[in-house]
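Colleague: Could you work out the structure for the sequence below:
(one chain, ligands or ions: 1)
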Amino acid sequence: MIIAIDGPAGSGKSTVARLIASRLNFKYIETGSMYRAVAWKAQQEKIHPDDAEGIAEVARNISLEFQPGPERQKVFVDGEELTPILKTETIGQLAAVVAANRAVREIMVAQQQNMGRNGNVVMDGRDIGTVVFPDADKKFFLIADQKERAQRRHEEMKVKHPEITFEEIYEQLKQRDYEDENREVSPLVPAKDSIRLDTTHMNIDDVVAYMIETIGPVHSQ
Ligand code: C5P
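Modeller: You can find the predicted model right below:
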């Protein structure tokens, strides 16, 4: 069984995806961290985000590994754990730029399909139900009001980064939504057969409960 969860930044998808995977005893793959890792490595190597071939080369050579963590998935890039660094909004913004690169997408999508080939996986991202696994057993598309999403992100970040304001986060999310929805390759759109869920006024437990019920009985392979 493959469960695809797509949606914009801050819609709650990674939190619910992780919880659902743990409830069903499935593997969880957060594909956003793959684009984030490419962005981080390109930055380290001083490759300009507009250098399409340079960025593609980074994607070809990067080695990514995921491990389950207590709060979120741990991401290792070329053997080094970079989970907190990858989560920053600066890297999120850069990730949206490298994610518009066709070659990068081809490389990442192939890896994602490979990681999900044995099934019993929950994968979240922007194009899982449309491109990576168009035949996924269940597809969800999570949305939430832009202000609410920025509020959630702000809550998450203010402990470690009290200097970042709500307004900054709101503007950054707006920009990232725009880029993700309007890029030429694999733009963020709901798959036609996805279940759309507006989480603006829902708490995480209700979202998870609804999704688990919608998924129905699961048979372990
Ligand atoms: O989900 P997350 O915020 O970590 O994703 C970072 C960026 O990576 C997104 O804004 C998007 O541009 C890109 N992305 C993508 N396709 C995916 C996952 C993420 O284009 N499947």
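Colleague: any bit of the longest helix seen in the chain sitting next to the ligand?
Modeller: Longest helix in the chain by number of residues (criterion: DSSP state H): helix 166-182. Yes - contact of helix 166-182 with the ligand (Cβ under 6 Å from any ligand atom) involves 176, 180. Glycine gets a C-beta too; all of them are placed from N, C-alpha and C.
Colleague: Rounded mean pLDDT for that helix, please.
Modeller: Mean pLDDT, helix 166-182: 95.
Colleague: what does the chain put close to the ligand?
Modeller: 9, 31-33, 35-36, 92, 95-96, 99, 125-127, 176, 180.
Colleague: Just flag the most distant two among those residues.
Modeller: G92 and D127 (16.4 Å; Cβ to Cβ).
Colleague: In terms of packing, which of those two has more residues around it?
Modeller: Counted by other Cβ atoms under 10 Å, G92 and D127 do not tie: D127 has more neighbours, with 24 against 19.
Colleague: Packing partners of the longest helix of the chain?
Modeller: helix 89-98, helix 146-157 (3 or more Cβ pairs under 8 Å, 6 or more residues apart in numbering; DSSP states H and E).
Colleague: and these as TSV, adding distance to D198 and mean pLDDT?
Modeller: Converted to TSV, the helices and strands packed on helix 166-182 look like this (distance: least, Cβ to Cβ, whole Å; pLDDT from 0 to 100):
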stretch	distance to D198	mean pLDDT
helix 89-98	22	93
helix 146-157	10	92
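Colleague: Most tightly packed of those?
Modeller: Neighbour counts (mean count of other Cβ atoms under 10 Å) averaged over each of those peak at helix 89-98, with a mean of 20.
Colleague: what distance separates it from the centre of its chain?
Modeller: Offset of helix 89-98 from its chain centre (Cα atoms, centre = their mean, to the nearest Å): 12 Å.
Colleague: Please put the alpha-carbon coordinates of it into CSV.
Modeller: Provided in CSV are the C-alpha atoms of helix 89-98 (Å, rounded to 0.1, in the frame of the first residue of the first chain):
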residue,chain,number,x,y,z
GLU,A,89,13.2,28.6,5.9
THR,A,90,16.3,29.9,4.1
ILE,A,91,17.0,26.4,2.9
GLY,A,92,13.2,26.0,2.2
GLN,A,93,13.4,29.0,-0.1
LEU,A,94,16.5,27.6,-1.9
ALA,A,95,14.9,24.2,-2.2
ALA,A,96,11.9,25.7,-4.0
VAL,A,97,14.4,27.1,-6.6
VAL,A,98,16.3,23.8,-7.1
